[in-house]
Each structure stands twice: as C-alpha cells, then as structure tokens.
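**Q** pasting the sequence and the predicted coordinates here, then a few questions.
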Amino acid sequence: MNIKRFFNILLNKKKIESTLPLSDDEFYEELFIKNTSWNSKTPNNDELKRWEIIERHIKQIISETKNNIKILDLGSGRGWLTNLISNYGSSIGVEPVSKVVDYARSLYPHLKFIAGSTTKMLGLGYGGQFQLIVSSEVIEHISNNEKPKFIADIYKLLSSKGYCIITTPRQEVQEEWNRYVSANQPVEDWISEEELRDLFESNGFKQLDSSRIPLKQKQSGKYFDVYQVALFRKNK
C-alpha cells in the first residue's frame, strides 16, 4: 500500500468515526466538559432560575429541622449545585459519568464527588444518611420503567422524615416545546406534574410544594412553564 492511499483510508476512517452517534457517557462529557454554556464554574441563567426555588426550600427545611443537614446532589454533573448547597450543610455530589466527576473535582477540589448512582451509594453504606436529596434535571433522563426504582432508592438513602427536591421539565409542554427545541439527550422521558406526585407518593413520600419556572423560547418569543420544582418529604 502506498503512503498516499494509507492516509486517505485513515482520513476516511476518522470522518466515519466523527459521524457516529455518541454514547451516553460521551454525550455528557461533551455537554459538561466542553460546552461553554454548561461547563463553567458558575451556574448559567437557566440553572440560576432553578436554584432560586431550590434555595428557598433548603432554607425552609433548615428552619424546621434546626440542625446541620447532610445533602446529596443526585446527578451532580459538573458540580455547580453541589457547590451552592454546600453553604447550607455537608454536601456530596454523585454522578454516573466518571470523566464528568473528574472535571467536577477539578472545579471544586474542596467538595466530595462520587462516580456512580443510587445503587453505588447504597452499596457504600449511605442508606439513611441524608436529610435532603436534591436531583435537578435528572429524572427525565431515566427511562419510565426505571423511575420507580430511582425513587425507591432515594427513599432508602434518606433519613427518617428526610426531604427530596426534584426539578424536571413538564411533560405537559414537551410536544409544543420540542417544535422549537430539539431534544437530543440520550433519554428524554419527561414526566407530568401529576405523574411525578403519584410516583413519589406511591413510594412513601408526601408532596409539600410544587412550583413552575417559565422559559422564553427564543425563536417564537413564547413563554412556556417548562420546569417543575417539587418538594417531597419521606413519610417515615
């Protein structure tokens, strides 16, 4: 084989590889490590809107418990939320994509991040250890048939009467929102407000609060109540 043909084959191979779909891990590595809209140490505007309500709930929980609380950021990504909630208690972030965990550790070396999932946390002996679990923009990326186990694991990780804050887009607006925005994450199983409440309440929780966050769609100029932020408390 001559050298010119060799390099042509190599270049064509790289072109083919570049067009192959990303694996789940590769997708989140691209999003949280390389995408400048989602890789910064400080939260973006979208994240700040969620944080405003999350912080309000955390302050309410602290005022009621009157104790230092241990908080788990479940699906922590690059760690922006783990960092903010560390101002209100001892915080740990858990994230399934190991390279994203390494990136979070580089951004926030003073915080603890674990590569894994709820199953890993339970296996490490964290059952019943947290007074609060926050999971922001995670449950919609868990397939519908896996959602009950995810919530059951949250129950096991929480201490008695522990709290959970969930933020997730509302299925009620998914079809219309996706007319303007391509849903490109590996799993996009959005959940309605009623379904979210029913799932948690059938797994031993009581819903205490539910709020919506409107977003403006740039192309159409329309506002959509895209996000729901729900606060739950474990019954026992």
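**A** Received the coordinates, thanks.

**Q** pull out the buried residues from stretch 41-51.
**A** 43, 47, 49-51 (16 or more other C-beta atoms under 10 Å). In this view, the C-beta of every residue, glycine as well, is placed from N, C-alpha and C.

**Q** pull the distance from it to the chain's centre.
**A** 13 Å (C-alpha atoms, centre = their mean, to the nearest Å).

**Q** give me the contact list for the lengthiest helix in the chain.
**A** Assignment by DSSP state H gives helix 45-65 as the longest helix of the chain. The contact list for helix 45-65, computed with C-beta atoms under 8 Å, 6 or more residues apart in numbering, reads 43, 69, 71, 80-81, 84-85, 88-89, 131-132, 134, 136-137, 163, 165, 167, 209, 211, 213, 215, 227, 229, 231.

**Q** for ChimeraX, what selects the buried ones among the residues you listed?
**A** Command for ChimeraX that selects the buried part of the contacts of helix 45-65, burial taken from 16+ other C-beta under 10 Å:
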select :43,69,71,80,81,84,85,88,89,131,132,134,136,137,163,165,167,213,215,227,229,231
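
**Q** out of the contacts of helix 45-65, list just those in helices.
**A** Using DSSP H, the subset of the contacts of helix 45-65 located in helices is 80-81, 84-85.

**Q** where does the protein dip in pLDDT?
**A** Counting by pLDDT under 70, the chain contains low-confidence residues at 1-20, 182-184.

**Q** tell me where it has strands.
**A** 69-74, 89-95, 112-115, 130-136, 158-169, 205-216, 223-234 (DSSP state E).

**Q** returning to what we had before: and of the buried residues of stretch 41-51, the nearest to G204?
**A** Distance to G204 across the buried residues of stretch 41-51 (C-beta to C-beta) is lowest for R50, with 24.9 Å.

**Q** how close does that closest one sit to D153?
**A** Per C-beta to C-beta, to the nearest Å, R50 is found 22 Å from D153.

**Q** what do you get for V134?
**A** 15 Å.

**Q** what of E140?
**A** 17 Å.

**Q** the more surrounded of these two?
**A** Taking neighbours as other C-beta atoms under 10 Å, E140 and D153 compare with E140 leading, 22 against 19.

**Q** residues touching that one, list them.
**A** 168-169, 187-191.
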